[in-house]
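> Sequence first, predicted coordinates after that:
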Number of protein chains: 2
Amino acid sequence: MRPPELPQAPTLEMVGALAGVSRATVSRVVNGSPRVSEEVALAVRTAIVELGYVPNRAARSLASKQTHAIALVVPENMARLFGDLYLASIIGGIHGRLEETDYVLNLMVASARADGKTMRYLQGGNVDGAIVISHHTNDTFLSTLTQSLPVVFGGRPAVRVQGGHVVDVDNVAGSRTGTEHLVRRGCRRIATVTGPQTMPGGIDRLTGFLAALDEAGLKPGPVVEGDFTLRGGSDAMREVLRQDPDIDGVFVASDMMAAGAMTVLRSNHLAVPDDVAVVGFDDSEAALSTDVPLTTVRQPSETMGVTIASILIDVLNGVEGHPRLTLLPTELVVRSSA
Amino acid sequence: MRPPELPQAPTLEMVGALAGVSRATVSRVVNGSPRVSEEVALAVRTAIVELGYVPNRAARSLASKQTHAIALVVPENMARLFGDLYLASIIGGIHGRLEETDYVLNLMVASARADGKTMRYLQGGNVDGAIVISHHTNDTFLSTLTQSLPVVFGGRPAVRVQGGHVVDVDNVAGSRTGTEHLVRRGCRRIATVTGPQTMPGGIDRLTGFLAALDEAGLKPGPVVEGDFTLRGGSDAMREVLRQDPDIDGVFVASDMMAAGAMTVLRSNHLAVPDDVAVVGFDDSEAALSTDVPLTTVRQPSETMGVTIASILIDVLNGVEGHPRLTLLPTELVVRSSA
DNA sequence: TTGTAAGCGTTATCAA
DNA sequence: TTGATAACGCTTACAA
């Protein structure tokens, strides 16, 4: 249990000694207080550079009661999380925004197994706030988090939460737009491969699909549930074709699944888009990796991350006025598949 | 800048008051010191549960000069990182191992843009150690990190580093085994789709491929570089067939690329494995999403993460004796494609 | 086995 | 505008 020796880091005291002022003054300079004379500040800054002083985070937290740490709480199933390019962009956006501040991101996993530990950590004052990116319906314990901590949810939570902010993509409007595109291009037997109906995103996209067809006066074709993975997409597509081999359009609730679906279409000698038009959702890299470039509904995932982080930072700084729910708009990207 | 009020968290002092002992004794119990009588320890633990006590990280760090935080340094390109299921499993493994301890993972991004800030953070005593998962050749600044911090690299770094530990998959042996399997089943004109030759993994897998063929006394067929993506796999496969339409086997350096390659084989009316046998690498989900289940070389990615974390924890605890380089074995998984 | 007390490096409240 | 001087919650000799 003997930690390796680290070189002794310079302290406020040492900087003060070098600059000929007290530790308190150095602290003021470091924290940008206006109550310091220009000359003194200059001397202090020089000393800081000379010594390579870096504030000690622990001491600062202890005294100020702020940790400058934000927890990123992600679903238990890491493989799904990280395999999902959409979540990747969100995290990229969060990180990018946080990089402009001195907040640090703590990666936590919401495993049912360790939720006790996780919750105690979160509620034990070890972070200033939390970002929860949860696509689970069963992470109920997280919903109590808002009572003890500023929380921003990325994606509408599956369970009702009593507080906190939510940033989400307008999934209903997006899938409606995507489906309308199929209708507009002349499709009449339109199926859908949905996301998991345990996830709000999966539910909302089905809602939009059904709404669009209803408006167009069309009956929905096969509705098969997928799991947002490549494999899930091909499995679901096979089932769609089994239920109705004569569909002429399919709305797939994620690009990754659409990629899987398209390989199945091809092996069934169905041309895209001439026999079956395909619209995906996400506009992730998967949309460009298919043989026929995918027409899809772009969701601004990186923007979502930035928005999430910005709202949390504001809340932490006592800035009021953000709406409880922020819905980000989607955009139809027309390529070749529909 | 007014942080929201948080409920006052219980302290050692309060636990001690409830249990009728001093703060020092509580500290001993919390830290598992043997120098506490069983009855007292029990009383303390009861009080801890009752109060929901959680150690204050900042105070603990300040006093012990350990942060109990580990930095996870990942490549700039988040999308690649998170889109890569292989890396996802590694991170899952790291996290799983760390969950058994009270180390916390700080997510950092090795962006050339912010490397100054990142480095200062890492070297400023804000973390006890770092895990670098870098597949970049140009993250040279990271190689100096080992001088100020215990570091474990996941995947052999592209640049020479002066210290630290490296955990990697035995890519050479793995691709050799995969290629040998093709030879053994009777293939004589064997091509390969390689990974990027800027990445150690890509390089090593080509090395193993060539070694196996050399040993078998066979001349290598077309060698075409891919980029580990689905699209890259199909592009490369087309080029392979252009160079030699009569190959009877192909070793593809990743499952994702193999999936892409197989669609190309199929559209060229080449049956797998009868006309062309295919061996992939990774044993990721992609290996199961293909029409013909993929024979592939499994790499123990989650184990790799666990190993990385374990080594770092040991180093942090002053445990010596880990070799500089730990190579994890691979395993051939025979399915239908070869 | 337990308690006392001295730090750890900041911030923040007073005076000066 | 500055400087003492308490906290902040914990760890860790040193005593008892």
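Ah, there it is.
> in the stretch 51-200 of chain A, which spans are strands?
Ranges of strands in the stretch 51-200 of chain A, per DSSP state E, counting those that start in this stretch, are A:69-75, A:104-110, A:129-132, A:151-154, A:165-169, A:190-194.
> could I get the ones you listed as a markdown table with mean pLDDT, distance to B:His165 and mean neighbour count?
C-betas here are computed from N, CA, C, even on glycine. Formatted as a markdown table, the strands of the stretch 51-200 of chain A follow (pLDDT from 0 to 100; distance: least, C-beta to C-beta, whole Å; neighbours: other C-beta atoms under 10 Å in any protein chain shown):
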| stretch | mean pLDDT | distance to B:His165 | mean neighbour count |
| --- | --- | --- | --- |
| strand A:69-75 | 88 | 26 | 23 |
| strand A:104-110 | 84 | 21 | 22 |
| strand A:129-132 | 94 | 32 | 26 |
| strand A:151-154 | 93 | 35 | 26 |
| strand A:165-169 | 95 | 39 | 24 |
| strand A:190-194 | 98 | 45 | 28 |
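> Among the ones you listed, which comes closest to DNA strand D?
Nearest to DNA strand D, of all these, is strand A:69-75, at 15.6 Å by C-beta to the nearest atom of the strand.
> Same list (the strands of the stretch 51-200 of chain A) but as CSV, adding distance to B:Arg298.
Shown next, in CSV, are these (distance: least, C-beta to C-beta, whole Å):
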stretch, distance to B:Arg298
strand A:69-75, 25
strand A:104-110, 24
strand A:129-132, 33
strand A:151-154, 33
strand A:165-169, 36
strand A:190-194, 29
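> Dump those to TSV, plus distance to chain B.
Shown next, in TSV, are these (distance: least, C-beta to the nearest C-beta, whole Å):
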stretch	distance to chain B
strand A:69-75	7
strand A:104-110	5
strand A:129-132	9
strand A:151-154	11
strand A:165-169	13
strand A:190-194	14
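> Could you save the ones you listed as a markdown table and add columns showing distance to DNA strand C?
As requested, the strands of the stretch 51-200 of chain A are arranged in a markdown table below (distance: least, C-beta to the nearest atom of the strand, whole Å):
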| stretch | distance to DNA strand C |
| --- | --- |
| strand A:69-75 | 15 |
| strand A:104-110 | 15 |
| strand A:129-132 | 17 |
| strand A:151-154 | 23 |
| strand A:165-169 | 25 |
| strand A:190-194 | 50 |
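> so which of the ones you listed gets nearest B:Pro200?
strand A:104-110 (25.2 Å; C-beta to C-beta).
> Just say helix, strand or coil for the closest residue to A:Ile94 other than its chain neighbours.
Of all residues not flanking A:Ile94 in the chain, A:Gly305 sits nearest, at 4.1 Å (C-beta to C-beta, 6 or more residues apart in numbering or on different chains). Put simply, A:Gly305 is helix when judged by DSSP: H, G, I helix; E, B strand; the rest coil.
> you'd agree A:Gly305 is up against A:Glu99?
No - the pair A:Gly305 / A:Glu99 is not scored as a contact, 11.6 Å apart, by C-beta atoms under 8 Å.
> Please identify which of these two sits among more neighbours.
Set side by side, A:Gly305 and A:Glu99 show more neighbours around A:Gly305, with 27 against 18, by other C-beta atoms under 10 Å in any protein chain shown.
> Identify the residues contacting that one.
Residues near A:Gly305 by C-beta atoms under 8 Å, 6 or more residues apart in numbering or on different chains: A:89-97, A:154.
> Write out the residues of chain A neighbouring DNA strand C.
Remark: the part of chain A in contact with DNA strand C comprises A:8-9, A:11-13, A:23-24, A:27, A:30-31, A:53, A:55-56, A:59-60, A:62-64, using C-beta under 7 Å from any atom of the strand.
> if we can go back for a sec, mind checking how far the residue nearest to A:Ile94 is from A:Leu122?
20 Å (C-beta to C-beta, to the nearest Å).
> How about A:Ala43?
Here A:Ala43 is placed at a distance of 42 Å from A:Leu122 (C-beta to C-beta).
> Give me the more crowded residue out of those two.
Ranked by neighbour count (other C-beta under 10 Å), A:Ala43 and A:Leu122 place A:Leu122 first, with 24 against 19.
> for that one, what are its contacts?
A:71, A:73, A:108, A:130, A:145, A:148-149.
> my read: A:Ala71 touches A:Ile131, true?
Yes - the pair A:Ala71 / A:Ile131 is scored as a contact, 7.0 Å apart, by C-beta under 8 Å.
> so where's chain A shaky on pLDDT?
For chain A, residues meeting the criterion pLDDT under 70 lie at A:1-7, A:76-85, A:112-115, A:134-140.
> which residues of it fall in helices?
A:12-19, A:23-30, A:38-51, A:57-64, A:78-83, A:85-99, A:115-123, A:171-184, A:200-216, A:230-243, A:255-267, A:301-316 (DSSP state H).
> how about the second one, does it reach DNA strand D?
Yes - among the residues of helix A:23-30, A:23-25, A:28 lie within reach of DNA strand D under C-beta under 7 Å from any atom of the strand.
> Specify which member of these is nearest to B:Gly208.
For the residues of helix A:23-30 next to DNA strand D, the residue nearest B:Gly208 by C-beta to C-beta is A:Arg23; the value is 59.1 Å.
> Verify the stated contact: that closest one with A:Gly16.
Yes - between A:Arg23 and A:Gly16 there is a contact at 4.7 Å, judged by C-beta under 8 Å.
> Out of those two, name the residue with the larger neighbour count.
A:Gly16 (19 against 14).
> which ones are touching that one?
A:Gly16 touches A:22-23, A:25-26, A:44, A:47, counting by C-beta under 8 Å, 6+ apart.
> what residues does stretch A:293-300 touch?
A:86, A:169, A:171, A:174-175, A:177-178, A:181, A:255, A:258-259, A:262, A:273, A:277-283, A:286-288, A:328-338.
> what about the nearest residue to A:Tyr53 once chain neighbours are set aside, neighbour count?
If the residues on either side of it in the chain are set aside, A:Tyr53 comes closest to A:Pro10, at 4.6 Å by C-beta to C-beta, 6+ apart. Per other C-beta under 10 Å, the neighbour tally for A:Pro10 reads 18.
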